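Undergrad: please work out how this folds:
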Amino acid sequence: MKTFDDMWEQVHSEMEWGKYPCEEVIRFVARNYYKSNRENVKLLDFGCGTGAVAWYVAREGFNTYGFDGSETAIKKAKVRMKEEHVSADLIVADAGKLPYDDEFFDGIIDSAVIYANKIEQIPDILKEIHRVLKNGGKIFSTGLFNKETTGFGTGEDLGNNTYRELTEGALAHRGTVHFFTVDEVKTL
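TA: The predicted structure follows:
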């Protein structure tokens with residue numbers, strides 16, 4: 001099952017996207033991993049795009065990995081890593097079938113990736129996250145949008161509060177968007 005929406009290849013081909021991580025990601029990493037032996041901590045930038053999170057955690061000395069479905073995004077991320085003299089293992093992959101060993105990562109950072117799928121695909125993605133995350137590992141996730149988010153109900157209706165190609169708001173023309181209910185978040 002493929003979870004990657006090819007629209008993201010177009011987005012990354014046509015525009016610059018995501019150079020720096022959000023403040024919440026920095027707080028998550030600092031609170032959970034700064035006191036650790038950083039080179040022994042494996043962190044995954046889940047759906048890394050052009051590598052904003054990967055760049056930051058690599059710069060901070062962590063053992064850094066990232067994947068994205070967009071070849072263009074991965075190419076851009078690798079160029080940035082090289083230019084800024086940091087190292088990260090970056091690959092093209094799909095969130096529904098990760099090419100990592102079981103219990104491999106100490107932490108996984110999802111900067112608005114899980115939402116970009118149909119609700120039927122999200123449990124499979126979460127199973128993969130659980131599989132590759134070490135026992136006691138942590139996940140940080142952003143982008144769990146709800147019906148109050150601008151653009152809800154616009155674009156192609158895929159059913160179950162999922163739309164493709166929204167016509168309004170910050171998520172317009174960004175492929176598939178699932179709008180979560182509180183009950184869905186609790187269940188997932």
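
Undergrad: have a look at the protein and report its longest helix.
TA: Longest helix in the chain by number of residues, with DSSP state H as the criterion: helix 71-83.

Undergrad: mind checking how far the closest residue in space to residue 18 that isn't next to it in sequence is from residue 113?
TA: Nearest in space to residue 18, with sequence neighbours left out and distances taken as CB to CB, 6 or more residues apart in numbering, is residue 52 at 4.4 Å. Placement of C-beta: from N, CA and C, glycine included. Taking CB to CB, to the nearest Å as the measure, residue 52 and residue 113 are separated by 12 Å.

Undergrad: likewise for residue 155?
TA: 19 Å.

Undergrad: repeat for residue 172
TA: Plainly put, residue 172 is 18 Å away from residue 113 if you go by CB to CB.

Undergrad: with neighbour numbers in mind, choose between these two.
TA: In this comparison of residue 172 against residue 113, neighbours counted by other CB atoms under 10 Å, the higher total goes to residue 113 at 24 against 14.

Undergrad: ok so, going back, contacts for the longest helix of the chain, please.
TA: With contacts defined as CB atoms under 8 Å, 6 or more residues apart in numbering, helix 71-83 is touched by 8-9, 12-13, 17, 48-51, 54-55, 58, 66-68, 87-88, 90-92.

Undergrad: just for the chain, where's the confidence low?
TA: Low-confidence segments of the chain, defined by pLDDT under 70, are located at 1, 13.

Undergrad: domain ranges for it, per the record?
TA: Per automatic domain parsing, the structural domains of the chain span 7-143, 145-188.

Undergrad: for stretch 80-93, output the C-alpha coordinates as PDB.
TA: Below are the C-alpha coordinates for stretch 80-93, written out as PDB (Å, rounded to 0.1, in the frame of the first residue of the first chain):
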ATOM      1  CA  ARG A  80      21.800  21.200   2.200                       C
ATOM      2  CA  MET A  81      23.500  18.700   4.500                       C
ATOM      3  CA  LYS A  82      26.600  18.700   2.300                       C
ATOM      4  CA  GLU A  83      26.700  22.500   2.100                       C
ATOM      5  CA  GLU A  84      26.300  22.800   5.900                       C
ATOM      6  CA  HIS A  85      28.700  20.000   6.700                       C
ATOM      7  CA  VAL A  86      26.300  17.800   8.600                       C
ATOM      8  CA  SER A  87      25.500  14.200   8.100                       C
ATOM      9  CA  ALA A  88      22.100  12.400   7.900                       C
ATOM     10  CA  ASP A  89      21.000   9.100   6.300                       C
ATOM     11  CA  LEU A  90      18.300  10.400   3.900                       C
ATOM     12  CA  ILE A  91      16.300   8.100   1.600                       C
ATOM     13  CA  VAL A  92      13.200   7.900  -0.600                       C
ATOM     14  CA  ALA A  93      10.600   5.700   1.100                       C
END
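
Undergrad: great, nothing more from me.
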